[in-house]
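**Q** pasting the sequence and the predicted coordinates here, then a few questions.
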2 protein chains.
Amino acid sequence: MPPSYVLGVDFGTNSVRAVVVDCADGRTAGTSVFEYPSGDHGVITDPRDPHLARQHPGDYLEGLRAAVCGALRSAKKTKGFAAEHVAGIGVDTTGSTPIPVDARCRPLALDKRWKKHPAAQAWLWKDHTGAEEAAAITETARRHAPEYVAPIGGTYSSEWFWSKIWHCLKVAPQVFDAAASWVELADYVPAVLAGIADPAAIQRCVCAAGHKAMYAEAHGGLPDAAFLARLDPRLAALRARLYTRAWAADRAAGRLTAAWAKDLGLAAGIPIAMGGFDAHYGAVGAGVRAGTLVKIIGTSTCDVAVAPLGERMADVPGICGIVPGSVMPGYYGLEAGQSAVGDLLNWWVTEVCEGKPALHQRLTGEAARSRPGESGLLALDWNNGNRTILVDPRLTGLLLGQTLHTSRAEVYRALIEATAFGARAIVERLKEYGVPIERVVCCGGIAEKNDLFMQIYADVLGRPMLIAGSPQTTALGAAISAAVAAGRYPTFEAAQAKMTSLQAKRFTPKKAASAVYDELYGMYRELHDAFGGVPRGRGDFGSVMKRLLALRERVASSA
Amino acid sequence: MPPSYVLGVDFGTNSVRAVVVDCADGRTAGTSVFEYPSGDHGVITDPRDPHLARQHPGDYLEGLRAAVCGALRSAKKTKGFAAEHVAGIGVDTTGSTPIPVDARCRPLALDKRWKKHPAAQAWLWKDHTGAEEAAAITETARRHAPEYVAPIGGTYSSEWFWSKIWHCLKVAPQVFDAAASWVELADYVPAVLAGIADPAAIQRCVCAAGHKAMYAEAHGGLPDAAFLARLDPRLAALRARLYTRAWAADRAAGRLTAAWAKDLGLAAGIPIAMGGFDAHYGAVGAGVRAGTLVKIIGTSTCDVAVAPLGERMADVPGICGIVPGSVMPGYYGLEAGQSAVGDLLNWWVTEVCEGKPALHQRLTGEAARSRPGESGLLALDWNNGNRTILVDPRLTGLLLGQTLHTSRAEVYRALIEATAFGARAIVERLKEYGVPIERVVCCGGIAEKNDLFMQIYADVLGRPMLIAGSPQTTALGAAISAAVAAGRYPTFEAAQAKMTSLQAKRFTPKKAASAVYDELYGMYRELHDAFGGVPRGRGDFGSVMKRLLALRERVASSA
């Protein structure tokens, strides 16, 4: 059998990464990253509205070409590689990132009439302008159709599909009216490569549909027209111009057109795998399977797990979504996440300490010298709201326990701990609802670089932290989907067995530290539940500062 | 009448300041500051115990000589001044600062056997090693003698006389046994100048006795032996070696000895006024009178008010003390305070921002550009505990409402606001118990230099902030006591009328800002009461972050 390669293309917030992967063992043959050049990494912002985050769709096409061509050039250095060995392409993107398109699937913003209109762009995952709409959708669903929000944690988010489109309708009705349909970026890129020119013909991935658009086969697809009409009759009318069916990744999105094949230097007609969200394909690339939680730790964190279809699956309150087939065919895909992890540490270093990125290292080093409980600090990790398990963007940060001697490194450590407590809340919620978590596999830059961070997570979660073998699990996962689409493997599981790995390095919980963190986590949950508005959530706040001081003294005296 | 001058000598935490003042109008004729040279401004600390703060008493004698001689030298530049015109000396000091002394009134630490023993030093006001003893005293008094703690707010502090002495007894019984008596620094310095060599002959000021040692004429002086025996029989035995009577400042402490007169270049036999605490004499120098609250704003804050003796005076829970004659003869002296004000801002600048003092100016400038409520932040000012109205050193800081965009200047402003809310809690508590506050006079470096700080206080308190005319109200107050002791004025009021003044500059509350701060103060009190353990104190924490965000948005949209 001749050597066989697949391409994984990962559309991140700041860049596009293409990776050429060897189907035999998942090894990288070539890679290339294209940083969005315009403005703030291509992100369109509005100084008057911090919630707005858009991107010009032209960036995606430019990035696609540049990254793929770069990766192929880089792969040519690998002995025996030739572009005609590339058997398929997989694509993952951020999401929910809906794009308004015309009747030929062309993004409105590629038309010069709409080029500069902020509502005609791609609405990035981190755009929160639809917060009011999200609250109204949640309210309406809870009253009239609780089955729509039950599988996505009971609360509809401002980051999601309908919140954004409805907000567009309200603030830019002319854009809404001009859009023949709306397409998720994860569906748009494969459709472009496959030359699809009719929105109705686009293969829509169930991961976007199910996690972000309240799609479920069980209730007949997207929310029904009557429900949407309660929001706005024009949304009900839009429904018919979207899609009736969404698919798991065992179906391909199409085949590469001759024009794109020529452009990229690939063989025409190779399969384009179904698109998917970066977190989902990242989990695939990290080796997700039943009993495994994959944590993709970056500026924010995505937590992904799967559970075999067919077993009874409860709705898990506060979990962003439980969608059949969304992560891998044959499984429920479960998605959770934390709104700020790396971003929280970046905030401290950049905004408060006004330091350069190297300050992370110094603070990590100093923080590593103090022990759990020794600072007397306790923080909530909500500077960017809480995605799981409270699903509430209108929450903010809290830091408690500071004295006149508290150092910036102690706060840095408390912020890491706060994100670890947030991670533990997610794991405990999953366990509580019967989703077993036997191993935790982490990926992302922080997991690979920051040992203190990983040790704190092991101690707080009370279980080993494993690290994915590939530094580019997301693109690898997309490549795996391409390998399956190209028939190189019969199933995702078979492809994962050959193409994914774990690092030898792992972090094991330390008993004494875990005991202290159990106590701190108890206090974290008191604050979490009370400030998060959990019914009956109430801490004994009159004693919390004293309990922290007592813990601090106990830790100090045990030195 | 020949020109007449008095000397005010102010023993601060870091330095001794002597001021030569013209009796006619309170103007400074000469001044000199002596910084304690050894170690950290003379403060003895213990890296293993952050609560320990002591000072070698020899520092006080060295500082006394240097500062007085320096001030006299400096005054000689004033036309018509001569040292023989100095008619009296007044002294103020920090406190409670008890010093163990031998049978000849000599501090133990001046003996070479005890020179280096930490328990044989002066126990500085900010020494908190007696926290457990303070709690036990409070508990015992509440059960057996509530009248002892009622006038001092219901809670005995670790900063006070008996907590420190009892702690010494526990950790260094040999020092306790060697001490013939214990003398407050405020009584020690006048006794030295007056050549008193018998502890029983020292004139003890009622400000130290009443505010810090549970002394009250109403219950027969110091706590009775039976009460002290409940703590430790050796404390009961010490009682007889302390004092039976303490005095207001209309009685002199003694007359200058010939030896000291020669040393300092002054006339022998001039009166030494009764010593007093810096905050009390500072209030006198700022023009305290019935209806006036004097705020001495420094690293921490002292709030002082007076109310005419004879009128019925309720105990005010949480106010550090209500003591007849303690601030001025003829009045109840009321003392409150905040444990960290300048120190809280210094913590942010030095520990967190790792900035130099000049950063205060930059942050103040940036903070001045944001409006009340605009940051969405709310803080508790408890990094050093809460002195008033909760009287609880075991409380810590809290910061709430931070996002990923929160800047260090916004936090700086939130910390200023937190101290202003703490100040408002004090004023409201006084009003609630019938102590009228008609004007607020501020003094100290922050009041003179930081306009933003003062404007925030005016807006939060909803009343004008006045500023004392003298930049050295503390030493001026001590000088006023000397002018009265020397017979230059019949009363403190008469002396104040001539010798004190206000700056023309004042800060007036702005209506819109005050309205926002009323809301923020409401939320501050929710946090304050719940985290402070106030019975029935409970906030609606499930909505507090959302209320802050809503306020922030309202403020932003009204721009």
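**A** In hand now; what should we look at?
**Q** quickly find the element holding the closest residue to residue A:225 other than its chain neighbours.
**A** Nearest residue to residue A:225, sequence neighbours excluded (Cβ to Cβ, 6 or more residues apart in numbering or on different chains): residue A:236, at 4.2 Å. C-beta: built from backbone N, CA, C; applies to glycine. Using DSSP states H and E, residue A:236 sits within helix A:233-239.
**Q** and whichever helix or strand comes after that helix, what does it pack onto?
**A** Next helix or strand after helix A:233-239 toward the C-terminus (DSSP H and E): strand A:246-247. Contacts defined by 3 or more Cβ pairs under 8 Å, 6 or more residues apart in numbering or on different chains; DSSP states H and E place strand A:246-247 against strand A:204-205, helix A:206-212.
**Q** mind doing that once more with 6 Å?
**A** For strand A:246-247, the elements it packs on are helix A:206-212, judged by 3 or more Cβ pairs under 6 Å, 6 or more residues apart in numbering or on different chains; DSSP states H and E.
**Q** helices or strands up against the helix it packs on?
**A** Helix A:206-212 packs on strand A:246-247, strand A:321-324, going by 3+ Cβ pairs under 6 Å, 6+ apart.
**Q** quick one on the thing from earlier: what number of residues lie near the residue nearest to residue A:225?
**A** For residue A:236, the neighbour count with other Cβ atoms under 10 Å in any protein chain shown is 17.
**Q** mind listing what it touches?
**A** Going by Cβ atoms under 6 Å, 6 or more residues apart in numbering or on different chains, residue A:236 touches A:225, A:228-229.
**Q** kindly report the same for residue A:450.
**A** Residue A:450 touches residue A:364, counting by Cβ under 6 Å, 6+ apart.
**Q** quick one: it from residue B:261, how far?
**A** Distance, residue A:450 to residue B:261, by Cβ to Cβ, to the nearest Å: 69 Å.
**Q** again with residue A:338
**A** 73 Å.
**Q** those two: which has the busier surroundings?
**A** In this view residue A:338 and residue B:261 are compared by other Cβ under 10 Å, and residue A:338 has more residues nearby, 27 against 17.
**Q** look up how far residue A:88 lies from residue A:79.
**A** Residue A:79 is 22 Å from residue A:88, by Cβ to Cβ.
**Q** out of those two, which sits in the busier spot?
**A** Taking neighbours as other Cβ under 10 Å, residue A:79 and residue A:88 compare with residue A:88 leading, 28 against 7.
**Q** hmm, who's touching whichever helix or strand the more buried one is part of?
**A** Element membership for residue A:88 (DSSP H and E) is strand A:86-93. Here strand A:86-93 makes contact (Cβ under 6 Å, 6+ apart) with A:4-11, A:185-186, A:189-190, A:266, A:270-273, A:275-276, A:278, A:281, A:474, A:478-479, A:481-482, A:485-486.
**Q** stretch A:176-190 too?
**A** Here stretch A:176-190 has contacts from A:91, A:93, A:95, A:97-103, A:108, A:165, A:168-169, A:199, A:202, A:204-205, A:208, A:241-242, A:253, A:272, A:275-277, using Cβ under 6 Å, 6+ apart.
**Q** recalculate using a threshold of 7 Å.
**A** If you take Cβ atoms under 7 Å, 6 or more residues apart in numbering or on different chains as the criterion, stretch A:176-190 is touched by A:11, A:60, A:64, A:91-103, A:108, A:114, A:122, A:165, A:168-169, A:191, A:199, A:202-205, A:208, A:234, A:241-242, A:253-254, A:272, A:274-277.
**Q** now do stretch A:389-401
**A** The contact list for stretch A:389-401 (Cβ under 7 Å, 6+ apart) reads A:128, A:131, A:153, A:155, A:157-158, A:318, A:376-380, A:382-383, A:385-386, A:411, A:414, A:425-426, A:429, A:527, A:531-532, A:545, A:548, B:376, B:396-403, B:545-546, B:548-549.
**Q** now it: mean pLDDT?
**A** Here stretch A:389-401 scores 92 as its mean pLDDT.
**Q** with stretch A:32-49 instead?
**A** Here the average pLDDT along stretch A:32-49 is 83.
**Q** quick one: is that stretch near chain B?
**A** No - using Cβ under 7 Å from any Cβ of the partner chain, we find that stretch A:32-49 stays clear of chain B, coming within 9.1 Å at best.
**Q** how about that stretch as PDB, C-alpha atoms only?
**A** Below are the C-alpha coordinates for stretch A:32-49, written out as PDB (Å, rounded to 0.1, in the frame of the first residue of the first chain):
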ATOM      1  CA  SER A  32       1.700  25.700   8.500                       C
ATOM      2  CA  VAL A  33       0.000  28.500  10.400                       C
ATOM      3  CA  PHE A  34      -1.600  31.500   8.900                       C
ATOM      4  CA  GLU A  35      -2.200  34.400  11.300                       C
ATOM      5  CA  TYR A  36      -5.100  36.600  10.400                       C
ATOM      6  CA  PRO A  37      -3.300  39.800   9.400                       C
ATOM      7  CA  SER A  38      -5.900  42.500   9.500                       C
ATOM      8  CA  GLY A  39      -6.500  44.500  12.700                       C
ATOM      9  CA  ASP A  40      -6.600  42.500  15.900                       C
ATOM     10  CA  HIS A  41      -5.900  39.100  14.300                       C
ATOM     11  CA  GLY A  42      -8.800  39.700  12.000                       C
ATOM     12  CA  VAL A  43     -11.300  40.200  14.900                       C
ATOM     13  CA  ILE A  44     -13.600  43.200  14.300                       C
ATOM     14  CA  THR A  45     -14.400  44.900  17.500                       C
ATOM     15  CA  ASP A  46     -16.400  48.000  18.600                       C
ATOM     16  CA  PRO A  47     -14.900  50.300  21.200                       C
ATOM     17  CA  ARG A  48     -18.400  51.200  22.200                       C
ATOM     18  CA  ASP A  49     -19.500  47.600  22.800                       C
END
